[in-house]
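>>> Only the shape, not the letters, is given here:
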Ligand code: SME
């Protein structure tokens, strides 16, 4: 089976996600290693959308620790409730930040990042990791991203 991501016919953001989702499902099928799956999801999102930074932070004790990602070097540890990632963890919800400079406590791992979306990943009722995506453009993320990225992290939750 081919594991390439074919997005040539998709144009709008929604179409790209709709095309990507079943391909990711196939890619993850039969693989139970979470790190491997997070790595491939990061790569697929980067490849499909060209996001500036895409990756996972994993809950370890009282902190989020950097996991598989694609992009520039990032902060390794984020405390509960801190930054956009720590807020998504604490509030157990997807957080969309249109302009990181307007988000109190935003953690600037890379000065080029202008907007951000963070989607929590649950095991039962607990957040066990977050998917973090940064853009170099302001106001890059909306409800369409939230909706599809939540479906993408669900693939990991099911594993
Ligand atoms: N900006 C994030 C930190 C992680 S980096 O963007 C990769 C935050 O405020 O939580």
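Sure, I can see it. A quick note: this is a predicted structure, and the numbers were derived from the prediction, not measured.
>>> What about whatever residue of the chain ends up closest to the ligand, how many residues nearby?
Closest residue of the chain to the ligand, CB to the nearest ligand atom: residue 83 (2.7 Å). Heads up, the C-betas are built off the backbone N, CA and C, glycines and all. Other residues near residue 83 come to 25 when the count uses other CB atoms under 10 Å.
>>> can you pull the contacts of the closest residue to it other than its chain neighbours?
Spatially, and ignoring its direct neighbours in sequence, residue 83 is nearest to residue 107 (3.6 Å; CB to CB, 6 or more residues apart in numbering). The contact partners of residue 107, by CB atoms under 8 Å, 6 or more residues apart in numbering, come to 75, 78, 82-85.
>>> check contacts around the residue nearest the centre of the chain.
Centroid check for the chain by CA atoms, centre = their mean gives residue 131 as the closest residue, at 2.8 Å. Shown in contact with residue 131 (CB under 8 Å, 6+ apart): 41, 54-56, 118-121, 149, 152-153.
>>> Let's see which of these end up in helices.
41, 149, 152-153 (DSSP state H).
>>> any idea which of the residues you listed has the most stuff around it?
Result: residue 41 is most packed of the ones in helices among the contacts of residue 131 (other CB under 10 Å), 25 neighbours.
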